[in-house]
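Colleague: Prediction below, plus the sequence it came from.
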Amino acid sequence: MRPPKIPANMMAVQVVRRADVARDAVSFFLAIPGTQRSPGAYQPGQFVTLALPTASDVLYRSYSLCSTGAANELWEITIKRVQHGRVSNFLLDQVPVGAILYSSTPRGTFTLPAPLRTDVPLIFVAAGSGITPIQGMLRAIAKLPANRRPQVQLHYASRIPEEILYREELRRIDPTGTWLKQYHYLSSQGQTLAAATVLGLVGANVRRAHWYICGPDALRTELTNALTGAGVAAPFVHAEVFATQARTTGIVDSGRGPGYQMFIQENQAALTIGAGEAVLPALERQGYQPDFSCRVGTCGDCKLRLLAGRVEQNAAVALTPAEKSGGMILSCVAHPLGDITLLSGGRATARGRAVSPVAAISRVTARNLVRAACVTAVGTLVFGVWNLTDHRPASWDASAAAAPTTTTTGGGSTATPTDTATPDPNGGGNPAPTATATQTPIPQPTATTRPSH
Ligand code: FES
């Protein structure tokens, strides 16, 4: 089995520090390998996707960046151990300082409003690890001069006090509550983070505030419904949802058993897709590089247009109903229910182009055309030479036919052979055709347009 490959759109980052931020939760600080420099600036609240190669496949997980996003700050991601979680346990137990990881560039639009206005409050609502993107935004606001900070509320649900991420830091961030009011909800103590409670605490600012919700889908649904009911305009509600799928794989996960065919209209390729395999890994397995980030249906980066056929994509959180009815699919979570046709499969590598049967047919046809042209050319040449030659049998005048012609050059004479054929540098046979003469151009797929978050 070939070892799984890290996709070309991932970059190497190095773990340069680890820090415990709660029980079973560790922050990893990431830098350009061999340095203590940030891999790059980003907007607080954005996330990266890590690619973790195993012996048989590549696992992908998205993690919010929880530092401020400044170009001089290391990237920080916080991993909370998930019971039986393959990746979280691996990262916490087996990734030491110095380890190299592979990461996407930062993505996502779960970021602060621009410009940040002091008269527009911000309401952050988080559960569990949902605090991680919000922590980056809180840190960024804390760095601002006091006269440029908006008023902020944080509503944060945890199970027990020991599981409150960044607990000490939150305690210190604004001890007098001048700009940040915090409300913690501990389920172990019977406290529930309910939409009605939050709206009641926000009071008159409900419709003026920007709302940021990060947690399980149930929290998002309850709050967004409540905010809609309260008349909050959609652009003021920002939500990010935890993906609950155990894993999505790429590159080598070819699905199990017989599957379906997947046609790509823009380059006329016919690909295979295994039973149970999602569209994205099937494309990657066959040499395509569609865009992606989270690989669990929440970011929307992997949108592709479905032209024919049907898919099941229950986890496609990032698609609007209009996008779904318009034929968009999230390739990372879309599973065909039969043969499908896509407008594009994303960028195709050389391997991807090679798997196109039309391209292959074109090449075979081109080769055959070249051969046929060569045979015809040689035949014509032979026929022409035959016609230009005196074909009398040697016995008619054997001595004349065999005798070399003699050309007088000055005082001497040089014998030249009568055979005028050009020597074959290949030692005989047909002359080699030039590759460019009859080759059929192969259509190149264009990059998929990156959709919005
Ligand atoms: Fe994020 Fe598919 S990669 S939705």
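Modeller: All right, it came through fine.
Colleague: what's next to stretch 193-202, contact-wise?
Modeller: For stretch 193-202, contacts defined as CB atoms under 8 Å, 6 or more residues apart in numbering pick out 121, 123, 125, 127, 153, 155-157, 183, 185, 206, 209, 219, 222-223, 225-227, 230. C-beta here means a position set from N, CA and C on the backbone, and glycine is covered the same way.
Colleague: Swap in 6 Å and give it another go.
Modeller: 123, 155, 157, 185, 206, 222-223, 226 (CB atoms under 6 Å, 6 or more residues apart in numbering).
Colleague: Repeat that for stretch 97-114.
Modeller: 6, 10-15, 18, 42-43, 45-51, 65, 133, 137, 210, 238, 240, 293, 453.
Colleague: Show me which of those are buried.
Modeller: 6, 10-11, 13-15, 18, 42-43, 45-51, 65, 133, 137, 210, 238, 240, 293, 453 (16 or more other CB atoms under 10 Å).
Colleague: Go back to those and keep what's next to the ligand.
Modeller: Near the ligand, taking CB under 6 Å from any ligand atom as the test, the members of the buried ones among the contacts of stretch 97-114 found are Ser293.
Colleague: Ala55: which of the contacts of stretch 193-202 is nearest?
Modeller: The shortest approach to Ala55 among the contacts of stretch 193-202 belongs to Ala157, at 37.8 Å (CB to CB).
Colleague: So in this structure, which strand runs the longest?
Modeller: Secondary structure of the chain read by DSSP state E shows that its longest strand is strand 11-22.
Colleague: packing partners for that strand?
Modeller: strand 25-31, strand 100-103 (3 or more CB pairs under 6 Å, 6 or more residues apart in numbering; DSSP states H and E).
Colleague: quick one: the spatially closest residue to Ala127 that is not a sequence neighbour from Val279, how far?
Modeller: What sits nearest to Ala127 in space, not counting adjacent residues and going by CB to CB, 6 or more residues apart in numbering, is Gly215, at 3.3 Å. Distance check for Gly215 against Val279: by CB to CB, to the nearest Å, it reads 28 Å.
Colleague: more neighbours, those two?
Modeller: Val279 (28 against 22; other CB atoms under 10 Å).
Colleague: per-residue pLDDT, that one?
Modeller: Predicted confidence (pLDDT) for Val279: 94.
Colleague: give me the number of residues near the residue lying closest to it once chain neighbours are set aside?
Modeller: Spatial nearest neighbour of Val279, excluding adjacent residues (CB to CB, 6+ apart): Ser331 at 4.0 Å. Ser331 is flanked by 31 other residues according to other CB under 10 Å.
Colleague: doesn't Leu271 make contact with Gln286?
Modeller: Yes. The pair Gln286 / Leu271 is scored as a contact, 4.8 Å apart, by CB atoms under 6 Å.
Colleague: can you give me the helices for this protein?
Modeller: 86-94, 131-142, 167-173, 195-202, 217-229, 279-285, 321-325, 350-354, 357-388, 398-402 (DSSP state H).
Colleague: mean pLDDT lowest for which of these?
Modeller: When I compare these, helix 398-402 is least confident, with a mean of 32.
Colleague: near the ligand, which residues of the chain show up?
Modeller: 292-295, 297-302, 318, 330, 332.
Colleague: rerun at 5 Å
Modeller: With CB under 5 Å from any ligand atom as the criterion, the chain meets the ligand at residues 292-295, 297, 299, 301-302, 318, 330, 332.
Colleague: Show me which of these is closest to Ser27.
Modeller: For the residues of the chain next to the ligand, the nearest to Ser27 is Cys294 (20.0 Å; CB to CB).
Colleague: now the helices and strands packed on strand 11-22 in CSV, with distance to Arg310?
Modeller: Below are those laid out as CSV (distance: least, CB to CB, whole Å):
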stretch, distance to Arg310
strand 25-31, 40
strand 100-103, 34
